[in-house]
Every structure is written in C-alpha cells, then in structure tokens.
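Peer 1: here is a sequence with its predicted model. Questions after.
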There are 2 protein chains.
Amino acid sequence: MAPADTKQTILDAAEELLAEQGYAATSLRQLTARAGVNLAAVHYHFGGKEALAKAVLARRIAPINAERLRRLAALPAGNRDTAAIVRAFVEPPLRAGAGGGASPGARLCRVFGRVMVEQPPFLRAFLARQFRGVARRFEAALADALPGLDRAATWWRLHFVIGAMAHTLQNSEALSHLTGGACDAGDVDALIEHLVAFATGGLRAPTARRRRRPA
Amino acid sequence: MAPADTKQTILDAAEELLAEQGYAATSLRQLTARAGVNLAAVHYHFGGKEALAKAVLARRIAPINAERLRRLAALPAGNRDTAAIVRAFVEPPLRAGAGGGASPGARLCRVFGRVMVEQPPFLRAFLARQFRGVARRFEAALADALPGLDRAATWWRLHFVIGAMAHTLQNSEALSHLTGGACDAGDVDALIEHLVAFATGGLRAPTARRRRRPA
DNA sequence: GTCTATATAGCGATAGAC
DNA sequence: GTCTATCGCTATATAGAC
C-alpha cells in the first residue's frame, strides 16, 4: 500500500467508527483491523488516538465552516431572509460527504453529530475553537434579520437549531424505522427543506412572556 | 452502610458519571471510588455494568414519561393548542431532578440527554421501547392540533423538537459560557419558555414547497 | 452483604528489526 | 514506512473468605 493511501485509509476507517460508536467506544485495534493496516501505523502517522480523532474532525469541519461563511457572505447586505441564513448554516453539514445523496454520505457526516454531543474532555477546547467564530457570525446575522429578538433569545434559538440539526445527523435512521419509511433519512433534499422550514418558524416565533412558576 | 443505601449510592454516582462522561468512558472502578463502595457491590446489586446503566435510565425515564402522558391526557378533547402539547413533552425532562431549580438538578437530568445521543448498542432496543409509545401519542396529538401538516412533516418536526431538547439538556452550560452568562443554563423557567416558544413556532411553520436541487 | 484477591481480556503506546 | 513483540496499565467480572 502506498504511503499516502495508508493515512487516508486510517482516516476513513476512523471516521466511520467514530460516527457509529463514538470516541471512547472505538479502539485502535478495531480500527486498524477494519482498515487493514498495522496498529503502529496510527502512531506513526498521527501520534496517537487523540490526535487521530482531531485529524478526522478537522478534515470535515474546516471545509463545512468555510462553506457556511461563504454562503452567509453571499447574502445581500441588510438581509432579512431568516430562511436563507438557516439554509447557509445547516445545508453544508447535511450535505457533507453526501456526493450521491444516498446513505453512504449520510454515514460519513454522522461523525459530525456524534462528536458534537459526545465531547470527550480533550476535544472540548478543540471543538469550541472550531465553531465559536462561525456561531458568532450567524448569531449576528440572525440578530440583524430578527430585530425584535433580544440577544439571549437569539442565542437560545440558534442553540435549538444546532440541536435539531445534530440530532438529525445522528438519529435520522431511527426515525425512518419508527415511521416505517414515511420519513426517509436518505432523502437529504427533503430533510433539508423540513429542517429549514421548522427552524425558520422557530426563529421567527414571538418571544414568550415570562410565565409564573407553577406551584 | 445500610444495604438499601449502597444500591442508591451506586445509582446516584452512576447517574452523575454517565451524565458527565457517557457510558463507554465511565469505568466501574471510577464509579465505585466516587461512591465509596466496593467494586463487587455493583455486580452483587445489579449484575454488571450494562444492567446498572439500564437501572439508572429506567429510574428517571419511567416517571418522566408517565408525567408527560398525564399532562397530555389532561388537555381538553380536540385540543389545538400546540404550545400546550410541547410543554407537556419538554417540561417533565427539563425539570426532572431540578427540585431547587439550580445547577445540581440540571446535572442530574443531563444523563437523559447524554444517553439519547450516545446510544451504546445494547441500549438501543431498551431506549426505543421506553420512548416509542410516548412518541406515538405526542405525534398523534400534534397531528390533531396541526391538521395542515402531513404525517412525515409531523414526525420530522417532533424529531427536531427532541433534538433541540436533548442538545439543551446536554450542552446548555457551554452556551452559558459562550454568551458570557446572557443565557443562564441554571434558569430552568426561562429555558423552558424559550424552548416552548421556538418549538411551537417551528411546528406551526408553513410546509416548505419542494425546491429544485441546486446544480 | 461486603470485602480481598485474582482471573481473563483488552487497551494505548513504544522499541527495534527490517 | 511497516512490521512483530511487548510493556504497563486498566477494564469487567468472579471466586471465596468473612
């Protein structure tokens, strides 16, 4: 096997297993067995398990976030179209790796949803650094498009959109099964339209007045 | 230590660690050290690590789902108040264990959000069984309240609400930090109002027409 | 019911031959 | 760059004394 291939093979297998099982539950032995490479190759090429996980994430996150910012910047100045902002935010990760639009791509990008919720301690700072700038820019764009919303509400709602997206990246196949196929996890286009419609409606919702605490 | 106390102590420590680290990353040694009990006591009282995890989850999920169904049943017949349905769904888990409403309770119920996304293989069937009935009843209630929505859209949107809730259970402290305290994860009342307003707006949003695939 | 001691297995990581 | 062999450690689980 050519040297460059080994590194890519390890990255691909790691991405697959991280998406399926998460970081803690995936062992390097299982990974190298599936990839058909030697155990020591992981340490030679990446330095260890933690560094490998960061490499897997960086390979996907960087282009996704670049694409998000590119789409956000392409919106007209003074944009008030909330749906367009949502679309710029959720479409790049949902389409990541989905070259064919079918399930193999869906599996590839699930690692994204997985690590967003697992967050092993050593990844927390790494992930926060990767996403903080993008979150700030989208929050600002949403605040401009929705001037009636105070900042706390804007942040909370962006947080909810991220949650809906992450949960979908992670669990949409279970929903396909539960609904007997009525919700098709492989239909990325339909999924995106459903999510954009829902998120836009949620972001535009009137702010609730504070309720009294129930007794 | 009295016998009954040992079992409870183990459950409490397990819940805490599962919430913080997840299933795979938590070892029985770490758990028993924190609980101040012997390693063998876990196997004596529960039979093993997997059975312990199921016991931790069942202790919280059963009363939460019972309370959800109780609140749903308490709504008037022919109910069209989407917000009331959402509230019946999200308030029990968000308030679970939050006796004081402060952060210790928030920590207790995070295990809920954690396992909803981690899903070790042996828990998948267990969790599906715990939640399937509740999900079906709430989907039916939403379909009644929102007759303009087709079934696939109703299921997708319920799925998004679950995602927003799970992500919040799991990560709201990170949001507190990111916003410099403007979003206070310890303020359960405010959180619930934000989530209910967002989810209701998302559920009521007009269904998107199908877009053409981008080139 | 609680403890010590241990069985059995798997882990990440590394040294050193090739 | 790739391999074998292994170190040092931790994991879950259990046997058996008390």
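Peer 2: Perfect, I can see it now.

Peer 1: looking from DNA strand C, tell me which residue of chain A is nearest.
Peer 2: residue A:27 (2.8 Å; Cβ to the nearest atom of the strand). For every residue, glycine as well, the C-beta is placed using N, CA and C.

Peer 1: roughly how far does that residue sit from DNA strand D?
Peer 2: Per Cβ to the nearest atom of the strand, to the nearest Å, residue A:27 is found 11 Å from DNA strand D.

Peer 1: what helices or strands is the helix ranked longest in chain A leaning on?
Peer 2: Counting residues, the longest helix in chain A under DSSP state H turns out to be helix A:151-178. Under the contact definition 3 or more Cβ pairs under 8 Å, 6 or more residues apart in numbering or on different chains; DSSP states H and E, helix A:151-178 sits against helix A:82-95, helix A:103-118, helix A:121-145, helix A:188-204, helix B:103-118, helix B:121-145, helix B:151-178, helix B:188-204.

Peer 1: give me the neighbour count for the residue of chain A closest to DNA strand C.
Peer 2: By the measure other Cβ atoms under 10 Å in any protein chain shown, the count of residues near residue A:27 is 13.

Peer 1: residue contacts, it?
Peer 2: By Cβ atoms under 8 Å, 6 or more residues apart in numbering or on different chains, residue A:27 lies in contact with nothing.

Peer 1: what about stretch A:195-207, near chain B?
Peer 2: Yes - using Cβ under 8 Å from any Cβ of the partner chain, a contact is recorded between stretch A:195-207 and chain B, made by A:195-207.

Peer 1: counting neighbours, what do you get for residue A:80?
Peer 2: Counted with other Cβ under 10 Å, residue A:80 comes out at 12.

Peer 1: show the pLDDT at the nearest residue to it once chain neighbours are set aside.
Peer 2: Closest residue in space to residue A:80, ignoring its immediate chain neighbours: residue A:145 at 4.9 Å, by Cβ to Cβ, 6 or more residues apart in numbering or on different chains. pLDDT for residue A:145: 98.

Peer 1: number of residues surrounding residue A:145?
Peer 2: Neighbour tally, residue A:145, other Cβ under 10 Å: 21.

Peer 1: and if you look at residue A:189?
Peer 2: 16.

Peer 1: same thing with residue A:202?
Peer 2: 28.

Peer 1: quick one: contacts for the closest residue to residue A:169 other than its chain neighbours?
Peer 2: Of all residues not flanking residue A:169 in the chain, residue A:113 sits nearest, at 3.0 Å (Cβ to Cβ, 6+ apart). If a contact means Cβ under 8 Å, 6+ apart, then residue A:113 has A:165, A:166, A:167, A:168, A:169, A:170, B:117 as its contacts.

Peer 1: and residue A:113, how far is that from residue B:55?
Peer 2: Residue A:113 is 28 Å from residue B:55, where distance means Cβ to Cβ, to the nearest Å.

Peer 1: and what of residue A:61?
Peer 2: 37 Å.

Peer 1: circling back to that earlier point, wait, which of the helices and strands packed on helix A:151-178 is closest to residue A:182?
Peer 2: Comparison of the helices and strands packed on helix A:151-178 against residue A:182 by Cβ to Cβ identifies helix B:151-178 as nearest, at 4.7 Å.

Peer 1: for burial, what's the neighbour tally of residue A:36?
Peer 2: 11.

Peer 1: I'd say it and residue A:9 touch.
Peer 2: Yes - proximity of residue A:36 to residue A:9 meets the contact threshold set by Cβ atoms under 8 Å, at 7.2 Å.

Peer 1: returning to that earlier point: next, the buried residues of the longest helix of chain A.
Peer 2: A:152-176, A:178 (16 or more other Cβ atoms under 10 Å in any protein chain shown).

Peer 1: that helix to helix B:188-204, inter-axis angle?
Peer 2: Interaxial angle of helix A:151-178 relative to helix B:188-204 (axes from the mean of the first three to the mean of the last three Cα atoms, to 10 degrees): 60 degrees.

Peer 1: could you give the mean pLDDT of helix A:151-178?
Peer 2: 92.

Peer 1: where in chain A is pLDDT low?
Peer 2: Applying pLDDT under 70 to chain A flags the ranges A:1-3, A:97-109, A:210-215.

Peer 1: quick check: residues of it near DNA strand C?
Peer 2: Residues of chain A found near DNA strand C (Cβ under 7 Å from any atom of the strand) are A:26, A:27, A:28, A:29, A:30, A:39, A:40, A:43, A:48, A:49, A:50.

Peer 1: quick check: the farthest pair among those residues?
Peer 2: It's A:26 and A:40 that sit farthest apart of the residues of chain A next to DNA strand C, by Cβ to Cβ, at 17.6 Å.

Peer 1: more neighbours: which of the two?
Peer 2: Shown here are residue A:26 and residue A:40; by other Cβ under 10 Å, residue A:26 has more neighbours (21 against 10).

Peer 1: need the three-state assignment for the more buried one.
Peer 2: Judged by DSSP: H, G, I helix; E, B strand; the rest coil, the three-state class of residue A:26 is coil.
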